[in-house]
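**Q** Task: produce atomic coordinates for the following.
(chains A and B)
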There are 2 protein chains.
Amino acid sequence: MEKEFVFGHQNPDTDAIGTAIAYSYLQNKLGYNTEPVALGEPNDETAYALKKFGFEAPTVITTAADKVNAVMLVDHNEPQQSVSDIDKVKVTHVVDHHRIMNFNTANPLFYRAEPVGCTSTVVWKMFKENKVEIPQNIAGIMLSAIISDTLLLKSPTSTDFDKAAIEDLAKIAGIDYQEYGLAMLKAGTNIASKSEEELIDLDAKSFELNGHNVRVAQVNVVDLPEAMERKAAFISTMEAASKENGYDMFMLLITNILDSDSQAIVVGTDETKKLFEKAFNATLTDSSVALPGVVSRKKQVVPPLTEAFEN
Amino acid sequence: MEKEFVFGHQNPDTDAIGTAIAYSYLQNKLGYNTEPVALGEPNDETAYALKKFGFEAPTVITTAADKVNAVMLVDHNEPQQSVSDIDKVKVTHVVDHHRIMNFNTANPLFYRAEPVGCTSTVVWKMFKENKVEIPQNIAGIMLSAIISDTLLLKSPTSTDFDKAAIEDLAKIAGIDYQEYGLAMLKAGTNIASKSEEELIDLDAKSFELNGHNVRVAQVNVVDLPEAMERKAAFISTMEAASKENGYDMFMLLITNILDSDSQAIVVGTDETKKLFEKAFNATLTDSSVALPGVVSRKKQVVPPLTEAFEN
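**A** Predicted coordinates for the structure are as follows:
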């Protein structure tokens, strides 16, 4: 059978990379010939999880059509978050937990999405449905993905399915998930060693909102005031990136993973900043504002922005 | 729990209506509060199947937002094939077996598509995955849907899953599926009692192909030459419908369900007729051409048309 790549979104996180590994394993068990790859290097948190469960980082690709004819997507569907030449390959499978936007195909395909906290939770269900046994290391990397996306089940995106998956996978992996989860999340919060350029690109996604090109980046920390000391540098870096890439708005969400609070830093046009303030019913002071309780880009940022931009 | 409507596409066929009934039953068993409805009256074939298994025709709706806030779609996703005010309701679930096109959401949702012959085949899998028992009448209407969409497993869209589903459902329904299937398909081929206006709208779908508004209708018969005697009337009716609705091309596929052959009648602009000929490597003579072996709009008509229109 012809080989297909399996990969998650650009600027990959633990869900994008971990679920690509797990879904590729499952599909190979079901008779496909797949290889997990990634659209970027693992971040510190993902590297921690890969090492813990004995995985090498997947090969990084920037194009797909020169190597395969068909691909399977995990943890994304929007073309601008995918491989650069996604329009030149056939998408045969998608497993995701996001909204569907600008995803069009010429042919029927396998598409499986559920509104749960993590793509690995959907893949965990698929292992069960197909009665495929989950090896210890695959359980570990899926567990890591779910801990990452749900902030140890504290994100409002968490569902009962995510909790059931975490408990089952922790058992298979032989891991105390609370202890491991906190250590893994903390491994991703070391921002002192990184430049502002790196931090605003680490976990950043682009969205087309009613014709506007909107960038939303997120950085996890354990000390918000320490991160906000670099605010002026973040602003000038985000302004430069917006100019270079044509973003109409750039929002950086700095999230304290211990108490589930965030600060937002926003640069953009007067129009888009007004729309941001409308979306969150909040006033930017010197380009920033506290967003208490906001931790999920998908559930607490993109929907209000979408609504504000469309009305 | 708030009520949601479950429905298939406009000009409903046995899959659209039968699967809405079956999926609504499954979802209610899983704790949702749903009602199957339809975007049109059942055709003769569907009416035969509903009567056979003791179902009333679902209520016909033309709008949804005045009655519910949220809906579940079966057997379609393209907005122009859906309820007229689909943009005013939230789509929470989709089960389908078609390409994905112009389907965009603001929020994550349940989306389950597989490239199999019939949506009921996917729903059959979901009954099994969720360990919900299939009642005899629900098995019968799902069986009818799969027989209809796969032309008794003779369509090239048929897969091993469709075959397995038919055999399992026939057993539950206590039906000889070959005998019942032929009788049901034949019930849908009585074109003598219908006007050309009715026939070109019975099983018709609109597609946006690279900016062109393309209509593809299909009529099942057991006697092709008899149907082609009405060609001149079909052409003038299709031309009038194109003018009224702004179709750039209207293709009518008349399919002999007994020997899996079709005749196409095509009206449109010189440009779109040229694209049709390119798509099928065939020459229209007086607006029609034989398409031997072509029985599936989804697999044998839309993909070549899409490719021809895009290049």
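**Q** Helices of the stretch 101-250 of chain A, residue ranges please.
**A** A:119-129, A:136-150, A:160-173, A:177-187, A:196-202, A:224-228, A:231-245 (DSSP state H, counting those that start in this stretch).
**Q** nearest to A:A113, of those?
**A** helix A:119-129 (7.4 Å; CB to CB). Glycine gets a C-beta too; all of them are placed from N, C-alpha and C.
**Q** on that earlier part again, quick one, which of the helices of the stretch 101-250 of chain A is packed in tightest?
**A** helix A:136-150 (a mean of 27; mean count of other CB atoms under 10 Å in any protein chain shown).
**Q** what's that one packed up against?
**A** Using 3 or more CB pairs under 8 Å, 6 or more residues apart in numbering or on different chains; DSSP states H and E, the elements in contact with helix A:136-150 are helix A:14-29, helix A:44-52, helix A:119-129, helix A:160-173, helix A:177-187.
**Q** Save these as JSON lines, and put in distance to B:L30 and mean pLDDT too.
**A** What follows is these, written out as JSON lines (distance: least, CB to CB, whole Å; pLDDT from 0 to 100):
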{"stretch": "helix A:14-29", "distance to B:L30": "24", "mean pLDDT": "98"}
{"stretch": "helix A:44-52", "distance to B:L30": "33", "mean pLDDT": "97"}
{"stretch": "helix A:119-129", "distance to B:L30": "14", "mean pLDDT": "98"}
{"stretch": "helix A:160-173", "distance to B:L30": "13", "mean pLDDT": "98"}
{"stretch": "helix A:177-187", "distance to B:L30": "28", "mean pLDDT": "95"}
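**Q** What residues does the stretch 101-250 of chain A have near chain B?
**A** Within the stretch 101-250 of chain A, the positions near chain B by CB under 8 Å from any CB of the partner chain are A:101-115, A:129.
**Q** So what touches stretch A:137-146?
**A** A:14-15, A:18-19, A:21-22, A:25, A:46, A:49-50, A:52-55, A:117-121, A:123-124, A:134, A:162, A:165-166, A:169-170, A:172-173, A:175, A:177, A:180, A:184 (CB atoms under 8 Å, 6 or more residues apart in numbering or on different chains).
**Q** got the contact list for A:L109?
**A** A:L109 neighbours (CB under 8 Å, 6+ apart): A:91-94, B:99-100, B:113, B:115.
**Q** I meant A:E277, not that one.
**A** A:283-284.
**Q** roughly how far apart are it and A:K298?
**A** 21 Å (CB to CB, to the nearest Å).
**Q** what does A:V132 give?
**A** Distance from A:V132 to A:K298, by CB to CB: 28 Å.
**Q** of these two, who's got more company?
**A** The neighbour comparison of A:V132 against A:K298 (other CB atoms under 10 Å in any protein chain shown) goes to A:K298, with 20 against 16.
**Q** What separation do you get for the closest residue in space to A:V132 that isn't next to it in sequence and chain B?
**A** What sits nearest to A:V132 in space, not counting adjacent residues and going by CB to CB, 6 or more residues apart in numbering or on different chains, is A:K29, at 4.9 Å. Per CB to the nearest CB, to the nearest Å, A:K29 is found 17 Å from chain B.
**Q** swap in A:A204?
**A** 19 Å.
**Q** cool, and A:T189?
**A** Here the criterion is CB to the nearest CB. By it, A:T189 lies 26 Å from chain B.
**Q** these two touch, right, that residue and A:L224?
**A** No: with contact defined as CB atoms under 8 Å, A:T189 does not count as touching A:L224 (10.9 Å).
**Q** Closest to B:T63 out of the contacts of A:L109?
**A** Nearest to B:T63 among these is B:I100, at 24.0 Å by CB to CB.
**Q** give me the number of residues near that closest one?
**A** For B:I100, the count of nearby residues is 24 (other CB under 10 Å).
**Q** Wait, it touches B:N77, no?
**A** Yes: contact criterion CB under 8 Å: B:I100 and B:N77 qualify, at 5.7 Å.
**Q** between these two, what contacts are shared?
**A** Common neighbours of B:I100 and B:N77 (CB under 8 Å, 6+ apart) are B:A113.
**Q** For A:T92, see how far away A:E35 is.
**A** A:E35 is 14 Å from A:T92, by CB to CB.
**Q** more crowded one of the two?
**A** A:T92 (21 against 17).
**Q** now the stretch 201-311 of chain A, which segments are flagged as low pLDDT?
**A** Along the stretch 201-311 of chain A, no part satisfies pLDDT under 70.
**Q** 90 instead?
**A** Counting by pLDDT under 90, the stretch 201-311 of chain A contains low-confidence ranges at A:258-260, A:298-299, A:310-311.
**Q** Can you report how many residues lie near whichever residue of it sits closest to chain B?
**A** Per CB to the nearest CB, A:T306 is where the stretch 201-311 of chain A lies closest to chain B, at 4.9 Å. A:T306 is flanked by 21 other residues according to other CB under 10 Å.
**Q** Can you give me the separation between the residue nearest to A:N33 when sequence neighbours are not counted and A:P12?
**A** Closest residue to A:N33 apart from its sequence neighbours, by CB to CB, 6+ apart: A:M1 at 4.3 Å. From A:M1 across to A:P12, the span is 26 Å (CB to CB).
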